[in-house]
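Participant: sequence and predicted model, in that order:
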Amino acid sequence: MLKFIRRALGLIFSTIGFVVVVVLIIGYMKFVRTAQMDPDSDPITDHSVLQLEVGGLPIKDFNLPTSILSQLQKYRTQSLVEIVELVNEATIDPRIKAISLSIIGTAMSAAQAEELRTALEDFRKAGKKIYAFAYAFGDGSNGTSSYYLASIADKVYMQPHGAVSVIGASLESFFLKNLLDEFDITVQAARRNEQKGVIDKFTRADFTPEVKENLYSVISSILSHIQETTAKGRGLDKETYVTLMNTAPHPDQQALQVKLLDELIYRDQVRDKIKVELGDKVAFVTEKGYSPQNKRPQSKNKIGIIFLESEVPPSGSTALNLNDPYAPESLDKSFEMATRDPEVKAIVFRVNTPGGAVSGAETIYRAVKRTVDKGIPVIISMGSVAASAGYYMAAPATKIYANATTLTGSIGIAMAKPNIGKATENYGITWDRVQIGTNAGMWSMTQDFNEAAWKKVQESLDDFYTNFTQTVAEGRKLPLEKVKSIAGGQVWSGIQAKENGLVDEIGGFFSALNEAKKIANVANTEDPNIVIFNRVNVGLPLLFSLLSEESIAMIKQAIGMKTEFNHVTATNRVRLVM
């Protein structure tokens, strides 16, 4: 009797569970499809304008789905790679005659603006028009990067009573030493070498002279590039634009007089302005409403894509990074999966990280080097920042691309350990310990390093730094003394990095992809066969794993789905297919 009841209850709960899963999946897919439709888009015609909107939402390199929640989140962020690919498709699409670019905020880095601007420049070279609009270029903020992007346009419009805040570049950091002193918290820190400034915020009240000099050099390099490019885009000489930058912000009428703007209009008037030039019958197509024409066959050879867009954590699975596609062991497996596919002829590794843990960097470095040693070229595409651990893992690659405004280098290492022992004693908390081993308690945050432990720390830093510089020298085929002269923690712009041999070419993700296409022998008449090898858990595979094959087939038939869920690929556009 009990067995019968158990089976009956099991059948009931299984049925309920099945129904719940089906409802969740169908509801999720309907949400995704609805979110991808845009009622504001005109049907595309042979005389269309593509409407793009940037600067309001945060921009990521690529929206990797790590869970169902992340799929909802991706509609609150933008994908730089997908936006640039959209522009690239529009460049060769004869139906698209112009782009209407709305820059509605300043949520973009200089490097992100540079990559999109480069694609828009190619669009203009194809004989097509660009119209840029902004409510303001920096509304109580720095609008230098957003105006840098807008300067590629044929016409730059702004809403009345806004301001053009092309005020230059500033880099600031907080420093905690005085606060820590107030609480009797001491910090022991060490670095290799003088320009490795990451620890200064704990040990000083300001930058060291060496760090400040280095940062000024980097900012000068980046800003000089932005000034020169922006001035050229607006038909000004660089000196004039530098003067305008030093006297910014400029209110609307003043900006109009000095030719930073073409006209002051409202956003709803932009269409009318475009129709005056392109005709009344022009169709305005949104990003979601645009479907590129693509009749080219796909190449047989594959190009692998792997993304890293986070700080580098220590190696080893934890509850925090178990399903993280950017975790070191996850990236290691991504490279391994790519090398096992005989049709993969090259890999583009997009690195966008300020650095992180030594163990994590070593794991990813090994994955890159192992792949290159197996005869599969790895092309590095550096994002907004690829420094410290980010550069270490890139060193053995076949070729390195960086934007002119990328922050890279920082070849060095640093450590810091706080001592909160006295601080807690002030609140009546005392500590005691029992240890076996001279240095068993060396990493305790309630005591300083003793002399023996501090010596071990210094030896470790020396070893790590020596290995770092040797790895860069070997990977970049540079003399060790040359590497040491540009190391020591010094940060470089992409332009500076190319000059000193740390970078091969100036270019963004698609420049690196074009290099990979050459290696993979992708013809100009073909589309690259792109596979994204980041290991992701999108939530749906987890739900489907609870069902039988018959149930999966039934659900897929109900929602009209024909693709598999066990891997992530990309079609001719670099979009995930699930």
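Facilitator: Received the coordinates, thanks.

Participant: and V187, its phi and psi?
Facilitator: phi -130, psi 130 (degrees, to the nearest 10).

Participant: bridged to it, which residues?
Facilitator: Going by DSSP bridges, V187 is paired in beta bridges with P418.

Participant: list the buried ones in stretch 150-163?
Facilitator: For stretch 150-163, the neighbour count (16 or more other CB atoms under 10 Å) marks 150-153, 155-159, 162-163 as buried. (Glycine included, C-beta is placed from N, CA and C.)

Participant: residue contacts, R267?
Facilitator: 102, 133, 135, 159 (CB atoms under 8 Å, 6 or more residues apart in numbering).

Participant: got it, and K275?
Facilitator: V282.

Participant: next, give phi and psi for it.
Facilitator: Taking degrees, to the nearest 10 as the convention, K275 sits at phi -60, psi -30.

Participant: how much space between it and K281?
Facilitator: Plainly put, K275 is 9 Å away from K281 if you go by CB to CB, to the nearest Å.

Participant: thinking again about what came up before, now rank the contacts of R267 by neighbours and give me the top one.
Facilitator: F133 (24 neighbours; other CB atoms under 10 Å).

Participant: can you pull up the bridge partners for it?
Facilitator: Going by DSSP bridges, F133 forms beta bridges with S102, Y157.

Participant: can you check L50 too?
Facilitator: I99, V285.

Participant: and for it, the neighbour number?
Facilitator: Neighbour tally, L50, other CB under 10 Å: 29.

Participant: can you check the one 3 residues further on too?
Facilitator: As a burial measure, the neighbour count of E53 was computed by other CB under 10 Å and equals 17.

Participant: how would you label it: helix, strand or coil?
Facilitator: strand (DSSP: H, G, I helix; E, B strand; the rest coil).

Participant: that one touches A107, doesn't it?
Facilitator: No - assessed by CB atoms under 8 Å, E53 is found out of contact with A107, at 11.4 Å.

Participant: quick one: average confidence on stretch 346-355?
Facilitator: Throughout stretch 346-355, pLDDT has a mean value of 96.

Participant: equivalent analysis for stretch 414-429, please.
Facilitator: pLDDT averaged over stretch 414-429 gives 92.

Participant: again with stretch 438-456
Facilitator: 90.

Participant: give the buried residues for it.
Facilitator: For stretch 438-456, by 16+ other CB under 10 Å, it's 442, 444, 446-447, 449, 453.

Participant: most widely separated two among those residues?
Facilitator: T446 and A453 (13.8 Å; CB to CB).

Participant: isn't there a strand covering F307?
Facilitator: Yes - under three-state DSSP, F307 falls within a strand.

Participant: return the set of residues that bridge with it.
Facilitator: R350.

Participant: G316 in helix, strand or coil?
Facilitator: coil.

Participant: was I right to think it contacts D324?
Facilitator: No - G316 is beyond contact range of D324, at 11.9 Å (criterion: CB under 8 Å).

Participant: the more surrounded of those two?
Facilitator: D324 (21 against 13).

Participant: in a helix, that one, correct?
Facilitator: No - counting by three-state DSSP, D324 is not found in a helix; it is coil.

Participant: can you tell me the closest non-neighbouring residue to it?
Facilitator: In space, and not counting its chain neighbours, D324 is closest to S330: 6.1 Å by CB to CB, 6 or more residues apart in numbering.

Participant: what about that neighbour, distance to I364?
Facilitator: For S330 relative to I364 (CB to CB), the value is 10 Å.

Participant: these two: which has the busier surroundings?
Facilitator: I364 (31 against 20).

Participant: tell me the contacts of A110?
Facilitator: Per CB under 8 Å, 6+ apart, neighbours of A110: 144-145, 148, 222, 226, 384, 405.

Participant: can you list phi and psi of it for me?
Facilitator: The phi/psi pair for A110 (degrees, to the nearest 10) is phi -60, psi -40.

Participant: domain ranges for the protein?
Facilitator: Split into domains by automatic domain parsing, the chain comes to 2-35+539-565, 40-167+248-286.

Participant: hey, least reliable of those by pLDDT?
Facilitator: Mean pLDDT, when computed for each of these, is lowest for domain 2-35+539-565, at a mean of 50.

Participant: still on that earlier bit, what strand or helix carries the residue nearest to D324?
Facilitator: helix 328-340 (DSSP states H and E).

Participant: what does Y147 give?
Facilitator: Assigned by DSSP H and E, Y147 belongs to helix 144-150.

Participant: what's the answer for T466, then?
Facilitator: With DSSP H and E as the criterion, T466 is inside helix 451-476.

Participant: ok, V211 next?
Facilitator: Going by DSSP H and E, V211 is part of helix 209-233.

Participant: then D206?
Facilitator: Following DSSP H and E, there is no helix or strand that holds D206.

Participant: for it, give its distance to V156.
Facilitator: Per CB to CB, D206 is found 39 Å from V156.

Participant: K97 now?
Facilitator: 19 Å.

Participant: same check on G409?
Facilitator: Going from G409 to V156 by CB to CB gives 34 Å.

Participant: just I413 next, same as before
Facilitator: Separation of I413 from V156 (CB to CB) stands at 45 Å.

Participant: excluding its backbone neighbours, what's nearest V503?
Facilitator: A497 (4.1 Å).

Participant: residues contacting the one you found?
Facilitator: Applying CB under 8 Å, 6+ apart, the residues near A497 are 402, 406, 408-409, 503.

Participant: go again with 10 Å.
Facilitator: 221, 382, 386-387, 391, 400, 402, 404, 406-409, 486, 491, 503-504, 506 (CB atoms under 10 Å, 6 or more residues apart in numbering).

Participant: likewise for F133?
Facilitator: With CB under 10 Å, 6+ apart, F133 has these contacts: 53, 100-104, 150, 153, 155-159, 263, 265-267, 269-270, 273.
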